[in-house]
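In: Here is the input, now give the coordinates:
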Amino acid sequence: MAASLRTAFRRAPSVFSSSPFNATTIARPAVAQRAFHSSPRALVKVGDAVPDLEVLHEDSPGNKVNLATEFAKGNGVIVGVPAAFSGACSQTHVPGYIKHPKLKKAGSVFVVSVNDAFVMKAWADQLDPTRASGIRFLADPAGEFTKALELDFDLPAVFGNIRGKRYALVIENGKVKSVHVEPDSTGTNVSLAEKVLG
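Out: Sure, this is the predicted structure:
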């Protein structure tokens, strides 16, 4: 009996080797290979034009805002945050701009986050209920504006999807005059109002 089992097991591979389900004959889907780059990503830099995209929403998905058009009329600041309602964004980063004494001299100020328009409106209503500061809160629902600036990052364990780094861009004549991107993507240092507005 032991000899017949050994014979059966010896034959088994020859049966499977001609099977169409053999691992060597199954077509595997092509997996995109990520190219290796020794240089860092090309983040937005001084002199870059504001992306000319109709992808940002203000208060509702039907109200689209193009920041290239907005800054064609004047200067200002784009403040990027990783998440509406998050601690640092709600307690430090955005309130610092709302309360800053030089805010009115800064020009048009927009807070942008990879969130939907309804979340951004609710957040604006909480932080600046009367909108007295003049700061406008814009949703970048698919992250297209953020990706155009090369300021997106992925931290699914915390945010669940792609988000924008914490940053501030000073805009003059439709172009980036100065760039303030947090080195760790979420910290609160170089992009704070006192560092950007003085």
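
In: any idea which element residue 111 lies in?
Out: strand 108-113 (DSSP states H and E).

In: same question, residue 150
Out: Applying DSSP H and E, one finds residue 150 in no helix or strand.

In: ok, back up a step: could you check how far the strand holding residue 111 is from the centre of its chain?
Out: Computed by Cα atoms, centre = their mean, to the nearest Å, the chain-centroid distance of strand 108-113 equals 14 Å.

In: With just CA atoms, put it into CSV.
Out: Extracted C-alpha coordinates of strand 108-113, given in CSV (Å, rounded to 0.1, in the frame of the first residue of the first chain):
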residue,chain,number,x,y,z
SER,A,108,-7.5,87.3,-1.1
VAL,A,109,-6.9,84.4,1.3
PHE,A,110,-8.2,80.9,0.4
VAL,A,111,-8.1,77.8,2.6
VAL,A,112,-8.0,74.6,0.5
SER,A,113,-8.4,71.1,1.7
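
In: Can you tell me what sits against that strand?
Out: Residues outside strand 108-113 that contact it (Cβ atoms under 8 Å, 6 or more residues apart in numbering) are 56, 65, 67, 70-71, 73-84, 89, 94, 97, 103, 120, 124, 133-140, 145-146, 163-164. Placement of C-beta: from N, CA and C, glycine included.

In: same question, stretch 119-137
Out: By Cβ under 8 Å, 6+ apart, the list of residues contacting stretch 119-137 reads 57-60, 65, 79, 84-85, 90, 94-95, 97-98, 103-104, 108-111, 113, 115, 138-139.

In: From the residues you listed, which land in strands?
Out: 57, 58, 60, 65, 79, 108, 109, 110, 111, 113, 138, 139 (DSSP state E).

In: quick one: the fourth one from residue 171, how far?
Out: In other words, residue 65. 14 Å (Cβ to Cβ, to the nearest Å).

In: got it, and residue 126?
Out: Counting by Cβ to Cβ, the gap from residue 126 to residue 171 is 26 Å.

In: for residue 93, same thing?
Out: Residue 93 is 18 Å from residue 171, by Cβ to Cβ.

In: Bridged to the residue nearest the centre of the chain, which residues?
Out: By Cα atoms, centre = their mean, the chain has its centre lying nearest to residue 164, at 2.5 Å. For residue 164, the beta-bridge partners under DSSP bridges are residue 152.
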